[in-house]
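A.B. asks: sequence and predicted structure are below.
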Amino acid sequence: MFPHEQPPLSQRIRAWLPFLASALLAAVALRLVWDAPWLGAVLAAAAAYVFWSRRRERSKLRSLAASGQTDELVRQWEQAVHDLPHSDTLIPLIHATAYTSSGLTDRARQALERGERSGSWESAAEHRLIVETLLDAFEGERQSAVDKAERLTGMPLPPVGPMMRARIVELRQALRAFARAFAHLSSPKDAAVLRRASHKNPLIHWPFRYAAAVVFIDHGKLADAQRLLRDAPEWPNESAFASFQEELVQRSHAPTSTS
C-alpha cells in the first residue's frame, strides 16, 4: 500500500528469491530442451510451481483484504513485519490501517495511540496521514479529511525511481478523490480514479470502493453504484461500513439521489 516505505535490503532479497529462482529454472529448462528434453520439462515444471505459489500467496492476501476478515488480515501482516526494525511503530500502524480498511474506526484510533513516538513515527508521517484522512471521512469530519488529503498531495516525493514515484502520485490522487467523495465535492472522473486504486491497493479496497459508489450516486449513475456494492462482506455492527452499506444501497435504488 505504501510503496516507498521499504523493508531492509535482506528482507527484500528474500522476497525476490522465488522470482529469481523461477527465472533461473526457466532459463536452464530452455537451454536443456534440445539436449535433455525430460530434464528440461522437469525444470520448467519446477519454475512454474515456484512462480505459481508466489502468485497464489499474493492473491490470497488480496482476497483476505477484500473479504473483511480483519483479525486474520492483522495476523498475516504481523507475521510479515514482526522482525523488522521499529516494529513498535510499524505494527500499530499496520493494525490501524487494517482496522480502517474494515471501518473499525475506534479500534484504528486505539492502535494509533499505541504507536511508539520515536524518530520512526515521524518518518511514517505520510502513512499516518493516509490513515487519518480515511478515519476523518468515516467519522464525519469531512473538511478535515479534505484538508489532510490536500496536505498529502503537497508533500515532497521521496527519492525513488520513476515507476515508484508514479505509484505514490496515483495513491495520493486517489486519497484526494476519496476525501472529495465523502465531502460530496467530487467530479465524475473521481470514480475511475477510486476504482483503479481499489484494485491496486487491496488493503484499502473497500474505503475506495465505497467512495466510488458515493461519486456514482452523487452523479446519478445508480446502476454503477449498485454493481460496486453488490459483493460487500457482512460487516460487524461496530464497523462504520455496516451503516454505509445500508445507506448507499438504499440511495442507489432511489429514483433520484441528493447530496
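C.D. replies: Cool, the structure landed.
A.B. asks: mind listing what's buried in the helix or strand encompassing residue 247?
C.D. replies: Assigned by DSSP states H and E, residue 247 falls within helix 240-252. By 16 or more other Cβ atoms under 10 Å, the buried positions in helix 240-252 come out as 240-242, 244-245, 248, 251-252. Every C-beta, even on glycine, is put in place using the N, C-alpha and C of the backbone.
A.B. asks: packing partners for it?
C.D. replies: In terms of contacts (3 or more Cβ pairs under 8 Å, 6 or more residues apart in numbering; DSSP states H and E), helix 240-252 is packed against helix 205-218, helix 222-229.
A.B. asks: so which of those is nearest residue 125?
C.D. replies: In terms of Cβ to Cβ, the element of these nearest to residue 125 is helix 205-218, at 19.7 Å.
A.B. asks: separation between residue 171 and residue 178?
C.D. replies: Distance from residue 171 to residue 178, counting by Cβ to Cβ, to the nearest Å: 10 Å.
A.B. asks: pick the most buried one from the helices and strands packed on helix 240-252.
C.D. replies: Of the helices and strands packed on helix 240-252, the one with the most neighbours on average (mean count of other Cβ atoms under 10 Å) is helix 205-218, at a mean of 26.
A.B. asks: okay, angle between that helix and helix 240-252 too, please.
C.D. replies: Following axes from the mean of the first three to the mean of the last three Cα atoms, to 10 degrees, one obtains 20 degrees for the angle between helix 205-218 and helix 240-252.
A.B. asks: which secondary structure elements does helix 205-218 sit against?
C.D. replies: Using 3+ Cβ pairs under 8 Å, 6+ apart: helix 205-218 touches helix 37-67, helix 87-101, helix 125-138, helix 162-182, helix 190-200, helix 222-229, helix 240-252.
A.B. asks: redo the ones you listed as JSON lines? Include distance to residue 206 and mean pLDDT.
C.D. replies: Converted to JSON lines, these look like this (distance: least, Cβ to Cβ, whole Å; pLDDT from 0 to 100):
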{"stretch": "helix 37-67", "distance to residue 206": "7", "mean pLDDT": "53"}
{"stretch": "helix 87-101", "distance to residue 206": "6", "mean pLDDT": "81"}
{"stretch": "helix 125-138", "distance to residue 206": "10", "mean pLDDT": "92"}
{"stretch": "helix 162-182", "distance to residue 206": "11", "mean pLDDT": "92"}
{"stretch": "helix 190-200", "distance to residue 206": "8", "mean pLDDT": "92"}
{"stretch": "helix 222-229", "distance to residue 206": "10", "mean pLDDT": "95"}
{"stretch": "helix 240-252", "distance to residue 206": "6", "mean pLDDT": "94"}
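A.B. asks: what's the closest of those helices to residue 207?
C.D. replies: If we rank those by Cβ to Cβ, the stretch that ends up nearest is helix 125-138, at 5.4 Å.
A.B. asks: touching that closest one from outside, list them.
C.D. replies: 2, 5, 93, 96-97, 100, 103, 105, 108-109, 112, 121, 142, 144-145, 148-149, 151-152, 155, 171, 175, 178-179, 182-183, 204, 207, 211, 240 (Cβ atoms under 8 Å, 6 or more residues apart in numbering).
A.B. asks: and what of stretch 184-196?
C.D. replies: Contact partners of stretch 184-196, identified using Cβ under 8 Å, 6+ apart, comprise 146, 170, 173-174, 177-178, 180-181, 208-209, 211-212, 214-216, 218-219, 221, 224, 228, 259.
A.B. asks: switch the cut-off to 10 Å
C.D. replies: The contact list for stretch 184-196 (Cβ atoms under 10 Å, 6 or more residues apart in numbering) reads 142-143, 146, 170, 173-181, 207-221, 224-225, 228, 258-259.
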